[in-house]
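> fold the following, please.
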Amino acid sequence: MMTLKIEDIMVETVITVDANATVMKAVRIMNENEIGCLVVTKKTRAVGIITERDLLKRVIGKSKSPSKTKVRDIMTKPLVAGYPDMDLEDATRLMFEKKIKKLPVVDHGRLKGLITLTDVARFQPQMIKILKKLSDHVSAPQRMKKVMNYYVC
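From the prediction side, this is the model:
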C-alpha cells in the first residue's frame, strides 16, 4: 500500500506575518483572508504560529492592546513543523502528541505548506482509521474534540 505524504494534501499557499508586526496587523490579515492562523516569520524563516486561540488567550484574555502587542510576544513557539515527504500518519501522530491542529510544513527552514487536522480527517477514509486508533490510546485534547467527534466518532 502506498503511503500518503504531507505534500500530498498540504495547502501550499500559506499566509504569513512578520514576528515584529502588531497583533492588530495579524488580525487584519486573518480577517482579510478568512483564515484561523498565520505562520510567523522572521527574515523568511518560519519561527512560530499565531492562531485564533492565541489571540483569545494571550491578548483578549490578558487585556493586552492589539495595536501595541507584537506577534512575537504572543505566538506559539517553538514552531512544531513537519516536512514535505513525512508520512501523513507520522504527521497526524505528531499533531496528536503535541496537541496541535495545524502543522506547518518546512523544508530546510523554508515554509512549504500547511496541513490541519481537519484536512487530514477529510482527506481519506483510511486516515479516519488512523485517527480512531490514535484516539483509543491518547485522549484528544479538549480543543480537538469537536473535529474528532464530527469526522471520526
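> buried residues in stretch 21-32?
Of all the residues in stretch 21-32, those buried under the rule 16 or more other CB atoms under 10 Å are A21, T22, V23, K25, A26, V27, I29, M30. Quick note: C-beta positions are derived from backbone N, CA and C, even for glycine.
> ok, the first one to G82 distance?
Relative to G82, A21 is positioned 25 Å away (CB to CB, to the nearest Å).
> circling back to that earlier point, tell me which of the buried residues of stretch 21-32 fall in helices.
V23, K25, A26, V27, I29, M30 (DSSP state H).
> including pLDDT and distance to E52, could these go into a markdown table?
Formatted as a markdown table, those follow (pLDDT from 0 to 100; distance: CB to CB, whole Å):
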| residue | pLDDT | distance to E52 |
| --- | --- | --- |
| V23 | 98 | 12 |
| K25 | 98 | 15 |
| A26 | 98 | 11 |
| V27 | 97 | 9 |
| I29 | 98 | 13 |
| M30 | 97 | 7 |
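> ok, so of the residues you listed, who is nearest K146?
For these, the residue nearest K146 by CB to CB is M30; the value is 19.5 Å.
> how far away is the closest one from D136?
From M30 to D136 the distance is 34 Å (CB to CB).
> ok, now V120?
Counting by CB to CB - V120 and D136 are separated by 17 Å.
> next one: L111
Distance from L111 to D136, by CB to CB: 33 Å.
> can you tell me the SS state at R93?
Secondary structure for R93, judged by DSSP: H, G, I helix; E, B strand; the rest coil, is helix.
> is it in contact with K133, as I believe?
No: contact criterion CB atoms under 8 Å: R93 and K133 do not qualify, at 9.7 Å.
> which one of these two is surrounded by more residues?
Applying other CB atoms under 10 Å to R93 and K133 shows that R93 carries more neighbours, namely 16 against 13.
> what sits against the more buried one?
By CB atoms under 8 Å, 6 or more residues apart in numbering, the contact list for R93 reads L134.
> try I6
With CB under 8 Å, 6+ apart, I6 has these contacts: G82, Y83, P84, D85, M86, D87, L88, A91, L103, V105, G113, I115.
> bridging residues for the first one?
The reference is to G82. V105 (DSSP bridges).
> quick one: it from K102, how far?
11 Å.
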